[in-house]
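I'd like to go over a predicted model; first the sequence, then the structure.
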Amino acid sequence: MLTLKSLREDPEKVIAKLAVKNFDARAIVEKVLALDENRRNLQTESDAILAQQKQKATLIGGLMKAGKKEEAEQAKQEVAALKARSSELLAQADENNKELESQLVLLPNLPCDMVAPGKGAEDNEVVKLGGPEVKLPETALPHWELAKKYDIIDFDLGVKLTGAGFPVYKGKGAKLQRALINFFLDINTAAGYKEVEPPVMVNSASGFGTGQLPDKEAQMYYVGLDDFYLVPTAEVPVTNIFRDVILAGDQVPQKMTAYTPCFRREAGSYGKDVRGLNRLHQFDKVEIVRVEKPENSYAALDEMVAHVESIVNALGLKYRILRLCGGDMSFTSAITYDFELWSAAQGRWLEISSVSNFETYQANRLHLRYRDDEGKTQLCHTLNGSSLALPRVVAALLEDNQTEDGIIIPEVLRPYTGFDKID
RNA sequence: GGAGAGGUGGUAGAGUGGUCGAUUACGGCAGUCUUGAAAACUGUUGAGCUGCGAGGCUCCGGGGGUUCGAAUCCCUCCCUCUCCGCCA
């Protein structure tokens, strides 16, 4: 969430910046500022009364010891009056501050200066086009047909076991999943990211820390009996490693990578956009997460984009990189680059990675700070990116690499798969 | 899941109703000494909110309660450890 300080210092900038995300923030900003002012007034007043109460309590202790019972009784009466007033003020403050927080979390992160305004996906800027052109045989099939033809992914069986969006990978299909996960993890660790294997269920504090709660609650699977959420991305458990942490200056940056299955309810989605592997309720993803000092976070972002691009290049697939416009960016992001692979058989681009800088937005929720050169605590910047999400990589790989006699496995994956063709 | 013991600052570990944001040790930082380092000695060393400042307030796992006063007593939830049960 945004810091109160940034709102107090320049509310008009906040409103103008959020307009880039097509978010009309004026009403909320004004409400927050009023609540903040009220918060400080209530605190000033209650602090003064609490100070008096404490003084008197100490006094009473002395009187009791000295055996001056009557004076002590008198003082107790006085405290009772103070206490009535202070508890009233504290109750008011409590209510005020809850309201303040509930308003504050409604404000999305500010887009950074590089982000252009825009309504939706059609306004995103293509910053790079790469990879080989795709030439498909006459008989080219979409991946869901290929999956059936070679018996490598069974969507119907998943429906039987669980429901739509929970495919079963079989044979070379299953092996390919494992190969991709290992390949991604290896290339990430080689680039200096530390591998972690986090839980795939998190508590609500973690859900709040990265911004899934309260606004995206309906996107997550919820285990009610234990009050846990299935992770929608490894970003949640990995970033929350740093919740309530103050890092020493030399402990920043932190670079982590993790594989997890990801669980998303995707309520209300249907149609050909969700056909096959295009959108699933459970899918595999390898994530990279970084914690940076503010002055380094944009260099880190560029590095992450270049890193993801190197992975995509290694797979030899046609891709493009988009810089998302304000209207298409996520709630918590300050800037996002999306990677898409071209699916010739479907005639559409498939998103396989999203790399974002959150600046202090998550860190403020997480209470993630570092100690600067002067020994002061400062909020860190957090970043993350997919490197990569598997299903659409598999979709593009199956479709773009199909030949008359099978699907060709990219060179870099062969040490992991142990086969060079699916046939 | 059952029984018991616990959760205190970066760490270890005191503190069972009053001047305790908390003894002490270790660690960290600064200084003295030293050619330099170590050792020794001295000082310093939690976080947040608030205030121009002096200062004030809050926080001893979370929440609630008792009391003039709570780290300390009560209730409740969470977590850790030991034993038993179960089990990959």
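Everything's here; your move. Nothing here was measured: the structure is a model prediction, and the numbers come from that model.

Any idea how many residues pack against residue A:363?
26 (other C-beta atoms under 10 Å). Quick note: C-beta positions are derived from backbone N, CA and C, even for glycine.

so it, which of the three states?
helix (DSSP: H, G, I helix; E, B strand; the rest coil).

I'd guessed it sits against residue A:383; true?
No - using C-beta atoms under 8 Å as the test, residue A:363 is too far from residue A:383 to be in contact (10.7 Å).

and residue A:37, that one's in a strand?
No - Residue A:37 is assigned helix when assessed by three-state DSSP, not a strand.

Enumerate every residue touching it.
Contact analysis of residue A:37 by C-beta atoms under 8 Å, 6 or more residues apart in numbering lists nothing.

Could you do residue A:164 as well?
Applying C-beta under 8 Å, 6+ apart, the residues near residue A:164 are A:155, A:158, A:281.

Quickly find the element holding the second one.
Taking DSSP states H and E as the definition, residue A:158 sits inside helix A:155-161.

Beyond that helix, next helix or strand please.
Helix A:155-161 is succeeded, C-terminally, by strand A:168-169 (DSSP H and E).

Torsion angles phi and psi at the residue lying closest to residue A:206 once chain neighbours are set aside?
In space, and not counting its chain neighbours, residue A:206 is closest to residue A:240: 4.1 Å by C-beta to C-beta, 6 or more residues apart in numbering. The phi and psi torsions at residue A:240 (degrees, to the nearest 10) take the values phi -70, psi -10.

Give me the neighbour count for residue A:240.
24.

show me what contacts residue A:15?
By C-beta under 8 Å, 6+ apart, the neighbours of residue A:15 are A:25, A:26, A:29.

Which other helices and strands does the helix holding residue A:158 contact?
Helix A:155-161 makes packing contacts with strand A:168-169 when contacts are defined by 3 or more C-beta pairs under 8 Å, 6 or more residues apart in numbering; DSSP states H and E.

Can you name the residues in contact with the strand it packs on?
A:152, A:153, A:154, A:155, A:157, A:158, A:161, A:176, A:177.

now do stretch A:63-80
A:53, A:56, A:57, A:59, A:60.

next one: stretch A:208-228
So stretch A:208-228 is contacted by A:1, A:105-106, A:201-204, A:207, A:229-232, A:235-236, A:239-240, A:243, A:263-267, A:331-332, A:361-362, A:365-366 (C-beta under 8 Å, 6+ apart).

Among the contacts of stretch A:63-80, pick out the one closest to residue A:196, please.
residue A:53 (47.7 Å; C-beta to C-beta).

Correct me if wrong, but residue A:285 is in a strand.
Yes - the assignment for residue A:285 (three-state DSSP) places it in a strand.

Okay, and the beta partners of it?
Following DSSP bridges, residue A:285 is listed with bridge partners residue A:260, residue A:389.

OK, contacts around it?
A:233, A:234, A:259, A:260, A:261, A:262, A:386, A:388, A:389, A:390.

correct me, but residue A:142 touches residue A:344?
No - using C-beta under 8 Å, residue A:142 is not in contact with residue A:344; the gap is 9.9 Å.

Quickly list what's touching both of those two.
Joint contacts of residue A:142 and residue A:344 (C-beta under 8 Å, 6+ apart) are residue A:399.

So which of the two has more stuff around it?
Remark: of residue A:142 and residue A:344, residue A:142 carries more neighbours, 21 against 17, as counted by other C-beta under 10 Å.

Could you give the backbone dihedrals for that one?
phi -70, psi 160.

ok, now residue A:264?
According to degrees, to the nearest 10, residue A:264 has phi -140, psi 130.

try residue A:170
Dihedral angles (degrees, to the nearest 10) for residue A:170: phi -130, psi 150.

Give me the pLDDT for it.
You'll see residue A:170 listed with a pLDDT of 97.

List the contacts of it.
Residue A:170 touches A:151, A:152, A:153, A:154, counting by C-beta under 8 Å, 6+ apart.

Quick check: can you list the domain ranges of chain A?
A:4-104, A:121-422 (automatic domain parsing).

tell me the most buried of these?
domain A:121-422 (a mean of 18; mean count of other C-beta atoms under 10 Å).

and the gap between residue A:280 and RNA strand B?
Distance, residue A:280 to RNA strand B, by C-beta to the nearest atom of the strand, to the nearest Å: 26 Å.

tell me the SS of that residue?
Per three-state DSSP, residue A:280 ends up coil.

Next one: it from residue A:394, what distance?
Residue A:280 sits 11 Å away from residue A:394, going by C-beta to C-beta, to the nearest Å.
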